[in-house]
Structures are given as C-alpha cells and as structure tokens.
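> let's see this in three dimensions:
(one chain, ligands or ions: 1)
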Amino acid sequence: MIPPVLPTYNRAPLSFVRGEGSWLVATDGRRYLDLGAGIAVNALGHAHPALIQALTDQAAKVWHVSNVYTIPEQERLAELLVDRTFADTVFFTNSGTETAELAIKMARKFHYEAGQPERTEIIAFEGAFHGRSTGAIAAAGSEKMVKGYGPLMPGFTHLKWPATEADHAAIRAAITDRTCAVMIEPIQGEGGIRVVPDQCLKGLRDLCDSTGTLLIFDEVQCGMGRTGKLFAHEWAGVSPDIMMVAKGIGGGFPLGAVLATERAALCMTAGSHGSTYGGNPLGCAVGAKVTEIVSDPAFLAEVARKGALFRQGLESLVARHPTVFQAVRGEGLMLGLKCTPAPTDLVKAGYSAGVLTVAAADNVLRLLPALNIPDADIAEALARLDQAATSLAQAA
Ligand SMILES: *Cc1c(COP(=O)(O)O)cnc(C)c1O
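Numbering: from 1, shown residues only. Okay, the predicted model is just below:
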C-alpha cells in the first residue's frame, strides 16, 4: 500500500527534533554531526540566533503580502545582492527549480525582444542538475530524471562537462545562430563536486561574448559563500549574464533568486513573469540576514580557511583508507570524496558513526557542512568519517 507521503525518496529511518549549530539531535536523543546541512541549505547551521531573531521579528509584523504591493524586505535583500555581486536586478523565487524556469524564460525572451526569435537553443552539460520541473529536467537531460516524463521541453543540447581544450572546441562547434544561452554550474553538486577549471569559465565567457550568447551560472548549490567567495564564479574573475541562487540564501527558509545584468533583464517587463510567494517578507527578512553575514569578507576568509583545514584532514583520510577513498575534490566547504564502494554505503556507515553526509553522482560522497562550522567540529567530523571508513574497510 502506498504510504501517506508519496515515496519519491529513499528515506533513512532517522528523524530529528532539534538542531544546534552543526549538530542535529535525533528523536532518540542521539547527536549527529551534520555535514550535509540540508544539502547546502543550512548555511549558518541550525538555530542560528541572528536568523531566529530575523524570522521571529518579521513573523510578528507581516507574513505575506502580494507582489502587487511594494515589499520593503524584498527591496532590502535585492539591494544587498546588487551591491555585492555583478547583478543589477533580482527576481525572488521559493526554490532553485523556479530559478531555472526564469533563467530559461529570460534568456529566450532576451533574443526574442532583440529581434532574433529563432535563438531558443540552450547548451547544458552532462551530469548537470537544475531542478525537477519539466523545464529543469529537460535542461539537465539525464536519463534518470527524464524517463517517463516526455515529451520534454525542446531546445536543449547536452555537452560533455568542460575540462579540456577539446571540450571547449566542442562547445564552440555547438554554438549556432539558434543558440540562446549556455547554462552551467561552476561546480556541479549533484553531479559529484565537479569543478569547472577557471580557464574553462573564462573561455566560456569569451565564447558567449563573441557569439552574443547569454551565460547562465547555476550557483544554487555552490553559491552563497560555499567556496570561500560569495559566488563560485568570482574565483575565475568572470561573471554571468544571469545567475540562479537558492539553497544557502534562505539559511533553511525556502528562498531563491535570479540575479541578472540590466542588459539581460530589460526584456522582463510588467506582467512577463510572477510568483505568489516569491520574495515573501519572511523569506526575504531571513535572506537579508544570511546575505549580510555571509558576504562579510572576514566571514568568507574563514570559510576558505576552514575549507583548507577540512581538506587537509580529508587528504590524510584518503591516504589512510586507500581501499575506500580515491581522492578529494571541491573548493572551500563544498567538498567531495571520490569513493571505491558505493557512496551510499559510506552514508549508511556514517549514520552508525554519528555523522551525516550526502551521496552524489560519479561515486562521490559530498561534504557540505555549515559555513560557520567550528574547527573542533571539523576535527570531530574527520574522526567520525575515519570510523565510518574503517567499518567499511573491515566489512569488505
Ligand atoms: C538543488 C539544486 C537545484 C534545485 O533546487 P530546488 O530548491 O531543489 O528546486 C538547482 N540547481 C542546483 C545546482 C542545485 O543544487
């Protein structure tokens, strides 16, 4: 018999009653060190006092008003984001998936309004994840996500993940007079913590500039301080025309945002897009507090330092468990361990060791802790991961 909750997830028999920083407390009182952070959502850990304050202050004032009115909390967050990024303007959503929808719509409308309505094709990449709407699954194109859901939204070409000069030549060859945009995660999350080399991001920007193609970065997972810069593309010194943001920006409150340059966004006039909840006062009040904290250069420097510390420990872990781990990947606190056994086996071993991790594609175990994880918790995380790996090595 089908359970009351539609069983689209393979859920672990674990439930939590409370969170404290990098820790989650289960119903049986056991404490788990959370290296998943709700899949890069709880950017400041659980129950951060400043976020509780922002949410409860706003909750006592007004929860929701329609977007037919001016929403000051929304304007404040938009100004913060515009001030701290390449962007000139922001549209708020409730999720990452919705940012994919607007990014696709904006890119197509840009060319339509520019008198080139035939430019509708979007180049995306193998291993990508952009969400679960019919548009977002067509954009990512993986068999696993699209099977049974056809007919898919047309207009997407999927290329190999760019890492080499030859991959760039393939992108160059794929851009035609019908190409509208290139859509890419600077670091693939679900795809297995695959980093686009800086040179490749620069090359993509040049390719887009020379062909009038819009560049869309999906920073839903790698953005909001995760890599030690506010956004991952800043490492390469290039910026997109349109950027998708979600996950960490709400610190646990559902919130997403599409950031864009004025040039890319001018096509979106009154009535061209909308959302009932998007930019809700509660979400924006929390989002502004998260953005304020995370965009502080001192905070970002700490993320980079903690990332380097964690990475160093993970390198030793790999050296100690050569039959379990092959390599460390990632940037800042967006880290992955390439595994020999199935990463889901490590996730399970982690439950026994009291540490929460997330599996990804490409046989990778993801580590996405809170950005403010204390050094002592990083040390504890390494000890617990060591314990999980030891139990697997013994079982093998
Ligand atoms: C999670 C994710 C999405 C989808 O976000 P939802 O909030 O689940 O809709 C899109 N892109 C990337 C890179 C993601 O990691």
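> what parts of the stretch 151-300 of the chain come near the ligand?
Contact residues of the stretch 151-300 of the chain with respect to the ligand, defined by Cβ under 6 Å from any ligand atom, are listed as 185, 189-190, 218, 220-221, 246-247. C-beta coordinates here come from the backbone N, C-alpha and C atoms, glycine included.
> in the lowest-mean-pLDDT helix or strand in the chain, which residues are buried?
Sorting the helices and strands of the chain by mean pLDDT, DSSP states H and E puts helix 143-146 at the bottom, at a mean of 92. Within helix 143-146, the residues that qualify as buried by neighbour count (16 or more other Cβ atoms under 10 Å) are residue 145.
> residues making contact with it?
The list of residues contacting helix 143-146 from outside it, by Cβ atoms under 8 Å, 6 or more residues apart in numbering, reads 132, 137-138, 152.
> looking at those, spot the one nearest the ligand.
Proximity of those to the ligand, judged by Cβ to the nearest ligand atom, is greatest for residue 132, which lies at 6.4 Å.
> re the thing from before, and the residues of the stretch 151-300 of the chain next to the ligand, which two are furthest apart?
Maximum pairwise distance among those (Cβ to Cβ): 13.3 Å, between 190 and 246.
> closest point of the protein to the ligand, which residue?
Counting by Cβ to the nearest ligand atom, the chain gets nearest to the ligand through residue 96 (2.2 Å).
> which parts of the protein are helices?
Per DSSP state H, the chain has helices spanning 37-40, 49-59, 72-84, 96-113, 134-140, 143-146, 165-174, 198-211, 262-265, 281-294, 297-320, 343-353, 375-395. These are given in chain order.
> buried ones in the longest one?
Neighbour-count burial for helix 297-320 flags 299-300, 302-304, 306-307, 309-311, 313-314, 317-318 (criterion: 16+ other Cβ under 10 Å).
> in this protein, which residue is most central in space?
Nearest to the mean C-alpha position of the chain, by Cα atoms, centre = their mean, lies residue 221 at 1.0 Å.
> and the residue nearest to it when sequence neighbours are not counted, its phi and psi?
The spatially closest residue to residue 221, leaving aside those adjacent along the chain, is residue 189, at 3.4 Å (Cβ to Cβ, 6 or more residues apart in numbering). Listed backbone geometry of residue 189 is phi -90, psi -70, with angles given as degrees, to the nearest 10.
> residue 189: neighbour count?
One way to gauge burial is a neighbour count; for residue 189, by other Cβ atoms under 10 Å, it gives 28.
> same thing with residue 380?
When neighbours are defined as other Cβ under 10 Å, residue 380 has 17 of them.
> now swap in residue 26 and tell me
If you count neighbours by other Cβ under 10 Å, residue 26 ends up with 15.
> can you name the residues bridging to it?
In this structure, residue 26 bridges to residue 16 when assessed by DSSP bridges.
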